[in-house]
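> Could you work out the structure for the sequence below:
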Amino acid sequence: MIWIEIAKHISEVTGNDFQISDRHSVSGGDINQGYTITNGNLTYFVKLNQAALAEMFVAEAWGLKQMLATATIRVPQPICWGSTGNSAYLVLEYLALGRGNSQSWLEMGRQLAALHKSPAPRQQFGADINNTIGSTPQINTWQDSWTEFFAQNRIRYQLQLAQRRGGNFSQGENLVAAIPQLLANYKPVPSLVHGDLWGGNAACLTSGEPVIFDPATYWGDREVDLAMTELFGGFPREFYQGYQQVWPLDPGYAQRKPLYNLYHILNHFNLFGGSYASQANSTINRLLQ
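Next up, the predicted model:
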């Protein structure tokens, strides 16, 4: 039984015997099943998926640990992960979410800027492991050039997946060829980025403390995080004010933003299909104009 194995694993890594006295399903995710488990005193959050996707949880735990190491912004601590039978699991620190206020969002912007400013392990873009964006593989092969990294590991790779899915993006390769021009004279420093920072992956605790979760972490241009916060309606304006206080954005961000968000639109086509194809094509055409 998977829950017996999970309780045993928690007991092993924490050094405290953990027996599950209560378990509840938690709604909200498209990719994984979520649960809270408790022994009456301690509560954990558990994600489940197919055993074949166990590496997805390994990579998520790795990304959370990278962000935790910067001591800049709250993320859930990964406790343990593995697979048993047909299921893979990831056990995380349970964080009670609240509503937050304008000060919470101001602080989230400041803390995200501090995360982005934390020293990179090397002056390259990528990561030591590949991970996933949603359930789509995300290629993080190290590159010296941000332009090359984004063109090949992000846009071209998503276009290749979209083609296999039957998507028709006739101007896709023209756009990949145009990326060096679109990013000309722009030389970002490598920043540790969340990688999938939309409203569903950012919140505040009951104390008001900001928290981000469900990362697709790598070292990239910090603007990819800011761009994605604007893709599905935007964060409260205090968030952007807080960010600008700590690390103002570079000139030209507004022009780069649609290119960076194209990655997520293509990924949404690859995950969900539907109208994301026309949204991606219209974005490609606008960028080529």
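
> where does residue 225 land in three-state SS?
Following DSSP: H, G, I helix; E, B strand; the rest coil, the label given to residue 225 is helix.

> Show the contacting residues for it.
112, 116, 193, 194, 195, 197 (Cβ atoms under 8 Å, 6 or more residues apart in numbering). All C-beta atoms are positioned from the backbone trio N, CA, C, and that covers glycine.

> Helix or strand for the residue nearest to residue 165 when sequence neighbours are not counted, just tell me which one.
Using Cβ to Cβ, 6 or more residues apart in numbering and skipping the chain neighbours, the partner closest in space to residue 165 is residue 270 (5.9 Å). Assessed by DSSP states H and E, residue 270 sits inside helix 253-272.

> so what does that helix touch, helix or strand wise?
If you count contacts as 3 or more Cβ pairs under 8 Å, 6 or more residues apart in numbering; DSSP states H and E, helix 253-272 packs onto strand 136-138, helix 157-164, helix 172-182, helix 223-229, helix 276-288.

> What angle do helix 172-182 and it make with each other?
150 degrees (axes from the mean of the first three to the mean of the last three Cα atoms, to 10 degrees).

> could I have helix 253-272 exported to PDB, CA atoms only?
Extracted in PDB, the C-alpha atoms of helix 253-272 (Å, rounded to 0.1, in the frame of the first residue of the first chain):
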ATOM      1  CA  TYR A 253      11.700  44.100 -21.300                       C
ATOM      2  CA  ALA A 254       8.300  44.900 -22.900                       C
ATOM      3  CA  GLN A 255       9.600  43.800 -26.300                       C
ATOM      4  CA  ARG A 256      11.200  40.600 -25.000                       C
ATOM      5  CA  LYS A 257       8.100  39.600 -22.900                       C
ATOM      6  CA  PRO A 258       6.000  38.200 -25.700                       C
ATOM      7  CA  LEU A 259       8.900  36.100 -27.000                       C
ATOM      8  CA  TYR A 260       9.400  34.600 -23.500                       C
ATOM      9  CA  ASN A 261       5.700  33.900 -23.000                       C
ATOM     10  CA  LEU A 262       5.500  32.200 -26.400                       C
ATOM     11  CA  TYR A 263       7.400  29.300 -24.700                       C
ATOM     12  CA  HIS A 264       4.500  28.800 -22.300                       C
ATOM     13  CA  ILE A 265       1.800  29.300 -24.900                       C
ATOM     14  CA  LEU A 266       3.400  26.600 -27.000                       C
ATOM     15  CA  ASN A 267       3.700  24.400 -24.000                       C
ATOM     16  CA  HIS A 268       0.000  24.900 -23.200                       C
ATOM     17  CA  PHE A 269      -0.700  23.800 -26.800                       C
ATOM     18  CA  ASN A 270       1.400  20.700 -26.200                       C
ATOM     19  CA  LEU A 271      -0.300  19.900 -22.900                       C
ATOM     20  CA  PHE A 272      -3.900  20.900 -23.700                       C
END
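
> I'd like the average pLDDT over that helix.
Regarding helix 253-272, the rounded mean pLDDT is 97.

> in it, what's buried?
253, 256-271 (16 or more other Cβ atoms under 10 Å).

> Stretch 97-105 too?
Under 16+ other Cβ under 10 Å, the buried positions of stretch 97-105 are 100, 104, 105.

> Go ahead and confirm the last one touches residue 229.
Going back to what we said before, that points to residue 105. No - using Cβ atoms under 8 Å, residue 105 is not in contact with residue 229; the gap is 10.7 Å.
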